[in-house]
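Student: the sequence and its predicted three-dimensional model are supplied below.
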Amino acid sequence: MEKVEKNEQQWREELSPERYEVLRRKGTERAFTGAYWDAKEDGVYRCAGCGQELFSSETKFDSGTGWPSFYEPIEGEVVDTEEDRGFLMRRTEVHCSRCGGHLGHIFEDGPQPTGKRYCINSCSLELDKGE
């Protein structure tokens with residue numbers, strides 16, 4: 001996979017202010033405000049920064065948190081993780097492996113078969129509904 005590398009000025013020019021804040025500055029949209037927290041459409045969720053396929057609607061579930069939640073990413077190494085110690089908490093951050101954009105966090109309280117909850121900001125995603 002070819003990495004997407006841009007300077008901050010290029011990202012600012014290409015992304016909306018909200019997307020820039022989340023994807024590049026590790027911000028978080030407010031719960032129950034994003035476009036996909038309660039979306040039911042079939043399709044593939046892509047990174048809003050680079051278009052890489054990240055999650056399938058088949059693995060999306062209602063976590064009750066107000067953010068889109070998935071129990072696993074699409075096949076392959078499409079997301080990377082790192083420890084996040086912000087806000088006096090210890091969490092695991094999830095970001096796009098292609099462009100490095102911040103997506104959200106992963107928690108160990110999801111449904112089977114993985115037991116994981118990828119809690120993702122809607123504005124870091126674009127839903128591709130396909131044909």
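Tutor: Sure thing, it's come through.

Student: parallel or antiparallel, list what pairs with the worst-scoring helix or strand of the chain on mean pLDDT.
Tutor: The weakest-scoring helix or strand in the chain, judged by mean pLDDT, DSSP states H and E, is strand 79-84 (a mean of 87). Taking DSSP bridges as the criterion, strand 79-84 forms sheet pairs with strand 91-96 (antiparallel).

Student: how about the strand it pairs with: buried residues?
Tutor: Arg91, Glu93, Val94, His95, Cys96 (16 or more other CB atoms under 10 Å). C-beta here means a position set from N, CA and C on the backbone, and glycine is covered the same way.

Student: need the contact list for the fourth one.
Tutor: Right, His95. Val79, Asp80, Thr81, Glu82, Gly101, His102, Leu103 (CB atoms under 8 Å, 6 or more residues apart in numbering).

Student: tell me how far it lies from Phe61.
Tutor: 21 Å (CB to CB, to the nearest Å).

Student: run through the strands of the chain in chain order.
Tutor: Under the criterion DSSP state E, strands of the chain are mapped to 44-47, 53-56, 60-61, 69-70, 79-84, 91-96, 102-107, 117-120, 125-128.

Student: follow-up on the earlier one: give me the distance from the least confident helix or strand of the chain to the chain's centre.
Tutor: Strand 79-84 sits 12 Å away from the centroid of its parent chain (CA atoms, centre = their mean, to the nearest Å).

Student: tell me which residues in it are buried?
Tutor: Val79.

Student: run the angle between that strand and strand 102-107 for me.
Tutor: With axes from the mean of the first three to the mean of the last three CA atoms, to 10 degrees applied, the angle from strand 79-84 to strand 102-107 works out at 70 degrees.

Student: what's the distance between the spatially most central residue of the chain and Gln9?
Tutor: Geometric centre of the chain, nearest residue: Leu103, 3.2 Å, by CA atoms, centre = their mean. Taking CB to CB as the measure, Leu103 falls 22 Å from Gln9.

Student: same question for Glu83.
Tutor: Glu83 is 29 Å from Gln9, by CB to CB.

Student: residue ranges with poor pLDDT in this structure?
Tutor: The chain contains residues with pLDDT under 70 at 85-89, 131.
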